[in-house]
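Asker: generate coordinates for the sequence data below:
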Amino acid sequence: MEAPAANFATVNARRRKLPTGHLTLREKTVIHNVHQNIVKDFPDIGATEQKKKTASYTGFSLSTIYTLLGEVHSTGHVSPAKKAKHEERIILDDHANYLIRKTVHDFFFKQIPPTIDAVHEETKLNSEIPKMGRSKLHKVLKELQFRFKRRGRNGLLIDRPEITVWRAKFLREIEKFRSEERKIFYLDETWINEGHTKTKIWVDESKKSARQAFIEGFSTGLKDPCGKGKRLIILHIGSDEGFVDGGLLIFEGSKGGDYHQEMNATVFETWFAKILKTLPNNAVIVLDNASYHSRKVEKISTTSWRKGDIQNWLASKNIAFESAMLKAELLMLVKQHKHTFERYAVDELAVQEGKTVLRLPPYHCELNPIELIWAQIKNEVASKNITFKLRDVKPLFQEAVEHVTDENWKKCIEHSKKIENEMRRIGENFGTVPELIISLQDSSSDTSTESDSDKENFD
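Answerer: Reported below is the predicted structural model:
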């Protein structure tokens, strides 16, 4: 027995300090069997000495032996190895971002200053928002275009003024188009992974192992997807009369990360030019500001341009400048006049067909009712996806699209109208440009140093 034990100890010497949760089932079984043999061969040396010999023979620490034998004593068997927990990267879709933004706005409606801690607690109560830490929430708020600002002794996040103005303009224009009885269409892209399924299901926790379930004639439960897998990229457009016939564009993605990287201006503009011909005259198309929606007809001078090129651009637009001006001064002139020359290819295509593009304010997907339609479709796919294969997910998605009714669209549009009215009410209560404020300090802290309040440090 000594020689084999020595070999086993040598092989496993590097694992001495690992907790039992990291031991394989084979390692646990060997330790248990070695201990049983020692108890049989050395019955008179006492339990402590028996465990010490087990540690010596197997090469694991005495504390590991005690822990493992304690587990066996309490459960009656050697438990399977625990699966290592890997923290999954959190990718938020537009709907989740909307829910987070709405959580913050709910504080404003109640006239309660929302701290990061308070917002974090509220997001944890919403099952539709992925679980995340406080620091991740802070990053998300910054990505949603809240900015850091000093107000007295407290750090604040507020909507950027240009976004607030953009929102106010959007609300006025869409109200005007409705009063003119113009037909409004809503356009958007989304994605779905082949592993998309229900996140919460009933499980039988009384079955501790696959072997136990097999012996008792039970299953091991539903099969889980092996990660998110490949994904489909989808583009569609609809109105209160449902999806536009022939408007569905669906293809397999080839990249990870943000699905917006899968689309490009050429693909989108080709599809958009085709779909415009099927829409009624004077129609309005609501869309966001994704890069492929925003290809400019003409390039405008930027800081990367050479000084001479900037001068040539200004001259071509008949904008007066002095030859002695610095590059920074020339760029200021460009900034003052560029709005006159900024034209988007998508907008031009719409104008040629007698239609109008209405662009959403950045990070305001809640104003686009198609986001709720996507949620309905994905929920149906999740309930029916049992193979986790892209070839099966695609027809499931297409089938779910067919199940969306005119009434579904009408309800989602009405929901967006309610949000519009809430935003108008905020504007009336807070002035023309409402300041939406979040305290970034811990709610339990009353003081901070000068340097602390300047830093955005939330580790």
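
Asker: is the closest residue in space to residue 334 that isn't next to it in sequence part of a helix or strand, or is it coil?
Answerer: Sequence neighbours aside, residue 301 is the residue nearest to residue 334 in space, at 4.6 Å (criterion: CB to CB, 6 or more residues apart in numbering). No exception for glycine: its C-beta is placed from N, CA and C like everyone else's. When classified by DSSP: H, G, I helix; E, B strand; the rest coil, residue 301 comes out as coil.

Asker: so for residue 301, what pLDDT did the model give?
Answerer: As summarised for this prediction, residue 301 has a pLDDT of 86.

Asker: residues contacting it?
Answerer: If a contact means CB atoms under 8 Å, 6 or more residues apart in numbering, then residue 301 has 309, 310, 313, 314, 330, 331, 334, 338 as its contacts.

Asker: any idea how far residue 426 is from it?
Answerer: Distance, residue 301 to residue 426, using CB to CB, to the nearest Å: 37 Å.

Asker: how about the helices in the stretch 201-350 of the chain?
Answerer: Counting by DSSP state H, counting those that start in this stretch, one finds helices in the stretch 201-350 of the chain at the ranges 210-215, 265-276, 307-316, 327-341, 345-352.

Asker: in the first one, which of the residues would be classed as buried?
Answerer: For helix 210-215, a neighbour-count test (16 or more other CB atoms under 10 Å) marks residue 213 as buried.

Asker: so which elements touch that helix?
Answerer: If contacts are counted by 3 or more CB pairs under 8 Å, 6 or more residues apart in numbering; DSSP states H and E, helix 210-215 sits against no helix or strand.

Asker: now find how far off-centre it is within its chain.
Answerer: 38 Å (CA atoms, centre = their mean, to the nearest Å).

Asker: now it - C-alpha only, PDB.
Answerer: Extracted as PDB, the C-alpha positions of helix 210-215 are listed here (Å, rounded to 0.1, in the frame of the first residue of the first chain):
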ATOM      1  CA  ALA A 210     -27.000  12.000 -12.700                       C
ATOM      2  CA  ARG A 211     -26.400   8.500 -11.300                       C
ATOM      3  CA  GLN A 212     -29.000   9.000  -8.600                       C
ATOM      4  CA  ALA A 213     -31.600  10.200 -11.200                       C
ATOM      5  CA  PHE A 214     -30.800   7.200 -13.500                       C
ATOM      6  CA  ILE A 215     -31.100   4.600 -10.700                       C
END
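
Asker: pLDDT on it, on average?
Answerer: pLDDT averaged over helix 210-215 gives 74.

Asker: do the same with the third one
Answerer: Helix 307-316 carries an average pLDDT of 92.

Asker: what do you get for the longest one?
Answerer: Helix 327-341 shows a mean pLDDT of 89 in the predicted model.

Asker: hmm, who's touching that helix?
Answerer: Counting by CB under 8 Å, 6+ apart, 298, 300-303, 307, 310-311, 313-314, 317, 319, 321, 325 sit against helix 327-341.

Asker: before we move on, what about the second one?
Answerer: Outside of helix 265-276, the residues that reach it under the criterion CB under 8 Å, 6+ apart are 235, 237, 244, 246-247, 249, 291-293, 295, 345-346, 349-350, 353, 355.

Asker: what separation do you get for residue 425 and residue 109?
Answerer: Counting by CB to CB, the gap from residue 425 to residue 109 is 8 Å.

Asker: same deal with residue 267?
Answerer: Applying CB to CB to residue 267 and residue 109 gives a distance of 40 Å.

Asker: check residue 311 too.
Answerer: 51 Å.

Asker: which residues of the stretch 101-250 of the chain score low on pLDDT?
Answerer: Within the stretch 101-250 of the chain, the stretches with pLDDT under 70 are 146-159, 201, 203-204, 207, 221.

Asker: show me where it has its strands.
Answerer: 146-151, 154-159, 184-193, 231-239, 242-243, 249-252 (DSSP state E, counting those that start in this stretch).

Asker: got the buried residues for the last one?
Answerer: Neighbour counts using 16+ other CB under 10 Å place residue 249 of strand 249-252 among the buried residues.

Asker: residue closest to the middle of this protein?
Answerer: Nearest residue to the geometric centre of the chain (CA atoms, centre = their mean): residue 92, 0.7 Å.

Asker: if I pick that residue, what's in contact with it?
Answerer: Here residue 92 is in contact with 100, 130, 140 (CB under 8 Å, 6+ apart).

Asker: so of the residues you listed, which ones are in helices?
Answerer: Of the contacts of residue 92, the ones assigned to helices by DSSP state H are 100, 140.

Asker: can you pick the most crowded of the contacts of residue 92?
Answerer: residue 100 (23 neighbours; other CB atoms under 10 Å).

Asker: that one and residue 139 touch, don't they?
Answerer: No. Judged on CB atoms under 8 Å, residue 100 makes no contact with residue 139 at a distance of 11.3 Å.

Asker: and the residue lying closest to residue 184 once chain neighbours are set aside, how many residues sit next to it?
Answerer: Sequence neighbours aside, residue 284 is the residue nearest to residue 184 in space, at 4.7 Å (criterion: CB to CB, 6+ apart). Using other CB under 10 Å, residue 284 is surrounded by 22 other residues.

Asker: what about residue 284, distance to residue 359?
Answerer: Residue 284 is 11 Å from residue 359, by CB to CB.
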